[in-house]
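J.: One predicted model, sequence on top.
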Amino acid sequence: MLASLHRKMSGLLSEQVMMMIYAAIIGLGGGYGAIGFRKLIELLTHLFYGRAQNALQFYEHGARTLIMPAAGGLLVGLLVYYFAREAKGHGVPEVMFAVAEKKGIIRPRIVIAKALASAMTIGSGGSAGREGPIVQIGSAGGSVLGQILCLKERNMKILVACGAAAGVAGTFNAPLGGLLFASEIILGSFSLTQMSFIAISSVLSTAIGRLYMGNVPSFPIPHYEVNTISTLGLFILLGVFGGFVSLIYLKSLLFFEVQWERLERIPEWVKPALGGLAVGLVGYIYPQVLGVGYPTVESALGSHLGLGILIVLMLAKLLATTTTIASGGSGGVFAPGLYIGAMLGAAFGIVCQLIFPELHVNVGAFAVAGMASIFAGTAHAPITAMVMLFEMTGNYEIILPLILCTVVSSVFTSKINRESIYTMKLMKRGFDLIKRRSPDKLNAIRVAEAIHPELITLRFDTSISQAKRLFQDSHDHLAYVRNENDGIVGAVSRDSLLVLRDSNLDDKTIKEILYNSPLAISSNKSIGEASSLLREAFVNYLLVIDNESNPIGIIDAMDIVKACQHVGE
């Protein structure tokens, strides 16, 4: 019904106008979805602890702290395992994968499964954030609308990004942040056409959020002014520390995920409960790490925490978050990153106060910059980080330190670790999103990924007449040649055999017409290097060898073309 209505309206309105209407619908839905998700978290927090989420960290809950995260983890494990596996984890990688590989298609059940799983994780005390779930929920809503209307693939992807922007903007009262998050992280593109639709969703979602939650920053802070060159130099140093801690966050999350996956004897649906028990043990000592953790962040921004407790809470939050997510809990990694960054920045500010008292360092300003540095370092998204933290604090005077910290942290981490906290999860599955988005595909794709498929195999002693018949029965243009030990020694092409018209040659063997020593290239080289070698040596193919110089395949010009086409699809 809606698809037929879309077709009728398409005859009256342009595609651009139709997309603006759909973006507006998603923006309104995303705004109400963000409000509803927050209310759901509050409801479940009351059910688990009898308190509001913001009050969760100010009380010692005794045995409840040990039991509730495990109970919530068990419910989440059952829900995810039997209803929607995609609801596990922090959500954003699944959206990025849907856009890059699944034509923007996300299953409708994700809306319900992700909302319930994440709300139970956070409400029971799990250390996770709201942004990942609401991004996945909003994106799923945009995808479902696109599927119902039978939209083209490019428009489906735009609606998915609109849903992500609406979720972020409505949750954090950050219209520019939502726009940039969807463009820089979800789509990996700043196309003006796409951004115009995303902006509509982001603005309307923010308007809905302000209607219900008020037009206040997520972290209201005093207006800090940082103008001296000497003080700005300290923020550059903080950016380096932020990059280093970002790497620890990334590596810790990956390490814990691998360790939990190795526990193969434990059923998948039980693991979140065990992770919840571990988080409960940490929360029993430091309840400040339970849930989202924003009240503790506000304490750091207000300079109300000492140096020792800042460092302890930073490490405790890191442990609680990696355990929650890696064990199979559902929730975002953005909010914990802000928490870790606030503790780092405030601790750094206190140290600077002690060493440089003449600079009159404001600890709160360093806490804000620390938050931005961790987000930029883990997400490899400096533009989104600096704008979002400016919007979330409502303090434009701190924009200079934010720019310095985000750029330094992002450059530092990206040089050492190619993957962001979002693409890392996809890379672990074998999907290289960075390569997929790279404009320079010749240098982004490795030779190992473009090896010619072994459809025809010829032996040394195969006669040329037999080889011709094999090619006539096949559509392939190249055949592997193996020796008596079954090792790859080269290849012959269809054309090189079919041009041999002399019947006296038909009884000769493949060995007699094969190159004596074909040129070789390492499987770790790029296909750009392979292309250059083919061109410079005037050969038809290259022998691909592994790190131990063992032949593992063949690559030719057609393989390089197909590899580039596949990545661009």
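T.: Cool, got the structure.

J.: buried sites along the longest helix along the chain?
T.: Counting residues, the longest helix found in the chain (DSSP state H) is helix 15-49. For helix 15-49, the neighbour count (16 or more other C-beta atoms under 10 Å) marks 18-20, 22-35, 37-38, 40-42, 44-45, 48-49 as buried. C-beta: built from backbone N, CA, C; applies to glycine.

J.: now stretch 230-250
T.: 231, 234-235, 238-239, 241-247, 249-250.

J.: min pLDDT across the residues you listed, which one?
T.: Lowest pLDDT among these: Thr231, with 85.

J.: how near is that one to Ala365?
T.: Look at Thr231 and Ala365: by C-beta to C-beta, to the nearest Å, they are 9 Å apart.

J.: pretty sure Ile340 is touching Ala320, no?
T.: No: here Ile340 does not reach Ala320: they are 10.5 Å apart, not a contact under C-beta atoms under 8 Å.

J.: Show me where the stretch 51-200 of the chain has its helices.
T.: Secondary structure of the stretch 51-200 of the chain (DSSP state H, counting those that start in this stretch): helices at 63-83, 92-101, 109-123, 131-149, 153-172, 175-180, 192-213.

J.: and the longest one, how far out from the chain's middle?
T.: Centroid separation between helix 192-213 and its chain, computed with C-alpha atoms, centre = their mean, to the nearest Å, is 22 Å.

J.: Kindly report the same for the shortest one.
T.: Averaging C-alpha coordinates over helix 175-180 and over its chain gives two centres that are 17 Å apart (C-alpha atoms, centre = their mean).

J.: Send me it as PDB with only the CA atoms.
T.: Provided in PDB are the C-alpha atoms of helix 175-180 (Å, rounded to 0.1, in the frame of the first residue of the first chain):
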ATOM      1  CA  PRO A 175      22.000  18.600  15.500                       C
ATOM      2  CA  LEU A 176      25.400  19.200  14.000                       C
ATOM      3  CA  GLY A 177      26.900  16.200  15.800                       C
ATOM      4  CA  GLY A 178      24.200  14.000  14.500                       C
ATOM      5  CA  LEU A 179      24.700  15.200  10.900                       C
ATOM      6  CA  LEU A 180      28.500  14.700  11.100                       C
END
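
J.: what's around the nearest residue to Thr413 once chain neighbours are set aside, how many residues?
T.: Nearest non-adjacent residue to Thr413, counting by C-beta to C-beta, 6 or more residues apart in numbering: Gly377, 4.2 Å away. When neighbours are counted by other C-beta atoms under 10 Å, Gly377 registers 36.

J.: OK, contacts around Gly377?
T.: 242-243, 245-247, 249, 409-410, 412-413 (C-beta atoms under 8 Å, 6 or more residues apart in numbering).

J.: Now do the SS call for it.
T.: Under DSSP: H, G, I helix; E, B strand; the rest coil, the three-state class of Gly377 is helix.

J.: measure it to Pro217 for me?
T.: As for Gly377, its distance to Pro217 is 23 Å (criterion: C-beta to C-beta).

J.: Low-confidence bits of this protein, can you list those?
T.: 1-12, 58-61, 227, 438-441, 444, 455, 475, 498-507, 515-517, 565-569 (pLDDT under 70).

J.: can you map out the strands along it?
T.: 457-459, 478-482, 488-493, 520-522, 541-545, 551-556 (DSSP state E).

J.: Please tabulate these in a markdown table, including the columns distance to Gly302 and mean neighbour count.
T.: Compiled in a markdown table, the strands of the chain are given as follows (distance: least, C-beta to C-beta, whole Å; neighbours: other C-beta atoms under 10 Å):
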| stretch | distance to Gly302 | mean neighbour count |
| --- | --- | --- |
| strand 457-459 | 71 | 18 |
| strand 478-482 | 68 | 22 |
| strand 488-493 | 67 | 21 |
| strand 520-522 | 56 | 15 |
| strand 541-545 | 60 | 22 |
| strand 551-556 | 60 | 20 |
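
J.: out of those, nearest to Thr423?
T.: Evaluated over the strands of the chain, closeness to Thr423 peaks at strand 520-522, with 24.8 Å, by C-beta to C-beta.

J.: what lines up beside that closest one in the sheet?
T.: strand 541-545 (parallel) (DSSP bridges).
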